[in-house]
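S.K.: Quick one, fold the following:
(one chain, ligands or ions: 1)
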Amino acid sequence: MDIRQVSNKKKYDLAASCYDAIAFILSLGQVARLYREVSQRLDVPGGGSVVELGCGPASVIPDLLEKIDNSSEIIGIDFSSEMIALANRKKEVNGWKNVHFECMDMYDFTPVKQVDAVVFCLALTAMPDYKKAIEKAISILKPGGQLLLLDSIPLHSKWYHPLANAYTYFKSIVVGAKPTREIVRFIADKMTIVENKEMVFGVYTLINAKI
Ligand SMILES: C[S@@+](CC[C@H](N)C(=O)[O-])C[C@H]1O[C@@H](n2cnc3c(N)ncnc32)[C@H](O)[C@@H]1O
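M.R.: Model (predicted):
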């Protein structure tokens, strides 16, 4: 694990108990809408599987569960033991039978079989090497599988984007993220982007891609 990873892991362990409040504030109160937008696009057949890389305290899991049937499963991966402890508590309280969490570095995760969808929800730019993270996601997807990405990615086409980018960079210092617009090009080179939608005045981008 590189030094940025180690310091990020410590930061996420410390922030775990108030993560949902932090996400609400930093998303300008829009986090619930962002989670809904991600889950609405989830396209998993019955008996299918979804992996969320960087799942945190399972914040988007309730929305994802609404889009899958009981025979499908969700695996959440996070390297913060505090985040995974909270995620497991939510699993127990809510009786989620088809959700499993694993505490590990996502770069080391290999599922038993390839999965139908991989979700990076507010997590990709928190990882030190976005290329390696996307390649990992692609490597675990079935042919025709789906990648759903929600993150803050600097944009440069509308008059208000410099303001959105300034906020994104401020936020990235607080959370230890590394936003770069290269992410979109990197995905487009390897996958078919079905949808690329800016949200919350360009502070967030939602990408829905198929392999
Ligand atoms: C901003 S939180 C996102 C949490 C959640 N997905 C959500 O939608 O709110 C980013 C998460 O990514 C995790 N993370 C960062 N790098 C990771 C890595 N290399 N492997 C596993 N988890 C990682 C952090 O521990 C943190 O919980």
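S.K.: Only C-alpha atoms from now on, for both contacts and neighbour counts.
M.R.: Noted.
S.K.: which parts of the chain sit against the ligand?
M.R.: Proximity of the chain to the ligand is confined to 9, 12, 54-56, 59-60, 77-80, 83, 104-106, 121-123, 126-127 under the rule Cα under 6 Å from any ligand atom.
S.K.: ok, so what distance separates the closest residue to Ile183 other than its chain neighbours from Tyr107?
M.R.: Distances taken as Cα to Cα, 6 or more residues apart in numbering put Tyr130 closest to Ile183, at 7.2 Å, once the chain neighbours are dropped. Per Cα to Cα, to the nearest Å, Tyr130 is found 10 Å from Tyr107.
S.K.: Asn208 falls within a helix, correct?
M.R.: No - using DSSP: H, G, I helix; E, B strand; the rest coil, the secondary structure at Asn208 is strand, not a helix.
S.K.: Buried residues, the helix or strand of the chain at the bottom of the mean pLDDT ranking. List them.
M.R.: The helix or strand of the chain with the lowest confidence, counting by mean pLDDT, DSSP states H and E, is helix 3-15 at a mean of 81. Neighbour-count burial for helix 3-15, counted by 16 or more other Cα atoms under 10 Å, picks out 5, 8-10, 12-13, 15.
S.K.: of those residues, closest to Pro162?
M.R.: Asn8 (26.4 Å; Cα to Cα).
S.K.: Hmm, Ile173 and that closest one touching each other?
M.R.: No - applying Cα atoms under 8 Å as the test, Asn8 and Ile173 come out as separate, 11.3 Å apart.
S.K.: Quick one: residues contacting Met104.
M.R.: Neighbouring residues of Met104 by Cα atoms under 8 Å, 6 or more residues apart in numbering: 77-80.
S.K.: got the contact list for Ser80?
M.R.: So Ser80 contacts 9-10, 12-13, 56, 103-104 (Cα under 8 Å, 6+ apart).
S.K.: I'd say Thr125 and Val175 touch.
M.R.: No - applying Cα under 8 Å as the test, Thr125 and Val175 come out as separate, 9.8 Å apart.
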